[in-house]
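# Below: sequence and its predicted model.
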Amino acid sequence: MNMMPKHSADATTVEEGLAIQEEQSKFDSAAATEVAMQNTLLTPRFYTTDFDELDAIDVSGVRRDWDGLISEMEADPNKGHFKKNEDWDRVDWDGMEPELKKEFIDFLISSCTAEFSGCVLYKEMKRRGKNGDIVQLFQLMARDEARHAGFINDALREAGVAVNLGFLTQKKKYTYFRPKFIYYATYLSEKIGYARYITIFRHLQAHPEHRFHPIFKWFEEWCGDEFRHGEAFALLMKTDPKLTSGVNVFWIKFFLTAVYATMYVRDHQRPAFHKALGVDPDWYAHEVFTKTSKLSEQIFPITLDIEHPRWQRTLEALQRANVAIAEGKRDGGLAGRWRQAINSLKAAGCFAALYTIPSVKHRVPESTRLEPVY
Ligand SMILES: [Fe+2]
Ligand SMILES: [Fe+2]
């Protein structure tokens, strides 16, 4: 009889995946959990919503595409994938340059929190729902996110840190979003997640000498999961044309701008990490925005004009303001607070300047479903 405990990668339900991780939580470290607990504009948050409204969605208008997607997810192509195997090269954490180590651990903690944020939201919907279609979808997505978070935690544990996911579930602050905002934000985070993972994966395929950690080898299948999650939200939005027309287009633009700007600023906080990957963060941002915009044309009637002369210039100004805010916070005192206040205003001005760049309009295709082509 095999007495080895099961791995979260083999779990077929979110409950099982979380129970395995709960079992391991005695090894989790307070410092990493504290970082994951942070709630700032730039750190991943936990969300809650009006679950009854979400549960009331009728997917019969997109039934064919819906059933196709659900059967892809039920086939579970990534079962057992998210665990270390012989491809997992030994990681020399002690030999890693300290700055890189710090930024990389920060990257892993933030990714783990983001994955887990999806898991918590999807699991809650699955728990509260009565609509068979909705419950089934959210169960499948929660299953995937639990595996993703568990796998990142495996990698962190080798560095002597790990995030206590059970503690986070209970103690991290939940932000309430109306269902339509959940659709825009979550759809975008799934699609941008796909674009981020696949861009790094393809880059490292061409430049394996920059693969300084084995986790990047898992990114291709990983982003397949995120791609399918994004497809699910595209179909949910497709069930109600009002969600992507009229005044809601302004909201879509708001979320596009916020998600892109946050990614830009957050990535620029990790120069050593991007240098080790051999990736220029400006190139990377542009690449990811281009892919995400192309994908989001499946459902959003507008995209942001990332080629507009004001776009890049304003992102850079936003980034500088963000650095100055952090420095003001660090310095403290009256001067520090003043610096924070002035630069917060500057950052808000930058956001407004990005938001008011005219967007690119286009016709949304009849058929929503896409295949991952990057
Ligand atoms: Fe994920
Ligand atoms: Fe996802």
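Good, I have the coordinates. Ligands and ions are numbered 1, 2, ... in the order given.

# what sits against the closest residue to L277 other than its chain neighbours?
Spatial nearest neighbour of L277, excluding adjacent residues (CB to CB, 6 or more residues apart in numbering): H210 at 5.3 Å. (Each C-beta comes from the backbone N, C-alpha and C, glycine too.) H210 makes contacts with H203, L204, A276, L277, G278, V279, as judged by CB atoms under 8 Å, 6 or more residues apart in numbering.

# Looking at neighbours, which among those residues is most surrounded?
When neighbours are taken as other CB atoms under 10 Å, the top entry among the contacts of H210 is L277 (22 neighbours).

# quick one: it and G230, what's the gap?
Counting by CB to CB, to the nearest Å, the separation of L277 from G230 is 24 Å.

# Helix, strand or coil: sort out the residue of the stretch 1-150 of the chain found nearest ligand 2 for me.
In the stretch 1-150 of the chain, the residue that lies nearest ligand 2 is G118 (5.0 Å; CB to the ion). Here G118 is recorded as helix under DSSP: H, G, I helix; E, B strand; the rest coil.

# Please identify which helix or strand holds the closest residue to it other than its chain neighbours.
The shortest distance from G118 to any non-neighbouring residue, by CB to CB, 6+ apart, is to E145 (4.2 Å). Per DSSP states H and E, E145 falls inside helix 132-158.

# Now for N85, how many residues are close by?
Counted with other CB under 10 Å, residues neighbouring N85 total 11.

# The closest residue to ligand 2 within the chain sits in which helix or strand?
Residue of the chain nearest ligand 2, by CB to the ion: H229 (3.8 Å). For H229, the host element (DSSP H and E) is helix 219-238.

# mean confidence score for that helix?
For helix 219-238, the mean pLDDT works out to 97.

# try stretch 155-172
The model assigns stretch 155-172 a mean pLDDT of 88.

# got a list of contacts for that stretch?
The contact list for stretch 155-172, computed with CB under 8 Å, 6+ apart, reads 18, 21-22, 24-25, 27-29, 31-33, 36-37, 39, 46, 91, 93, 101, 105, 108-109, 112-113, 116, 120, 149, 153, 213, 215.

# Buried ones among the residues you listed?
By neighbour count, with 16 or more other CB atoms under 10 Å, those hold 18, 21, 24, 28-29, 32-33, 36-37, 46, 91, 101, 105, 108-109, 112-113, 116, 120, 149, 153, 213, 215 as buried.

# neighbours of the nearest residue to P358 once chain neighbours are set aside, just the number please.
Nearest residue to P358 in three dimensions, chain neighbours excluded: D305, at 6.4 Å (CB to CB, 6+ apart). Neighbour count of D305, defined by other CB under 10 Å: 14.

# remind me which residues of the protein are low pLDDT?
Scanning the chain for pLDDT under 70 picks out the ranges 1-5, 23-28.

# Looking at it, what residue ends up closest to ligand 1?
Residue nearest to ligand 1 within the chain (CB to the ion): H148, separated by 3.8 Å.

# Name the nearest residue to that residue, ignoring sequence neighbours.
The shortest distance from H148 to any non-neighbouring residue, by CB to CB, 6+ apart, is to E115 (4.1 Å).

# Where do the strands of this structure begin and end?
Taking DSSP state E as the test, the strands found in the chain are 46-48, 174-176, 302-303, 360-361.

# Between those strands, which shows the greatest average number of neighbours?
Most buried of the strands of the chain by mean neighbour count (mean count of other CB atoms under 10 Å) is strand 302-303; its value is a mean of 20.

# ok, the nearest residue to K130 once chain neighbours are set aside - contacts?
Nearest-residue entry for K130: D55, 6.0 Å, with adjacent residues in sequence omitted and distances by CB to CB, 6+ apart. By CB under 8 Å, 6+ apart, the contact set of D55 is M125, R128, G129, K130, N131, I134.

# So which bits of the stretch 1-150 of the chain are right by ligand 1?
E115, E145, H148 (CB under 5 Å from the ion).

# Go again with 6 Å.
Contact residues, the stretch 1-150 of the chain versus ligand 1 (CB under 6 Å from the ion): E115, G118, D144, E145, H148.

# Export these to a markdown table and append columns for neighbour count and distance to F255.
Putting those into a markdown table (neighbours: other CB atoms under 10 Å; distance: CB to CB, whole Å) gives the following:
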| residue | neighbour count | distance to F255 |
| --- | --- | --- |
| E115 | 26 | 20 |
| G118 | 25 | 16 |
| D144 | 25 | 22 |
| E145 | 24 | 20 |
| H148 | 26 | 22 |
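
# nearest to P271, of these?
E115 (23.9 Å; CB to CB).

# OK, contacts around the closest one?
By CB under 8 Å, 6+ apart, the neighbours of E115 are E145, H148, A149, I152.

# Compare the strands of the chain and give me the one nearest M237.
Of the strands of the chain, nearest to M237 by CB to CB is strand 302-303, at 13.8 Å.

# Parallel or antiparallel, which strands does that closest one pair with?
Strand 302-303 has the following strand partners under DSSP bridges: strand 360-361 (antiparallel).

# Show residues contacting the partner strand.
Here strand 360-361 makes contact (CB under 8 Å, 6+ apart) with P301, I302, T303, L304, D305.

# ok, 7 Å please
If you take CB atoms under 7 Å, 6 or more residues apart in numbering as the criterion, strand 360-361 is touched by P301, I302, T303, D305.

# With stretch 326-344 instead?
So stretch 326-344 is contacted by A321, A324, I325 (CB under 7 Å, 6+ apart).
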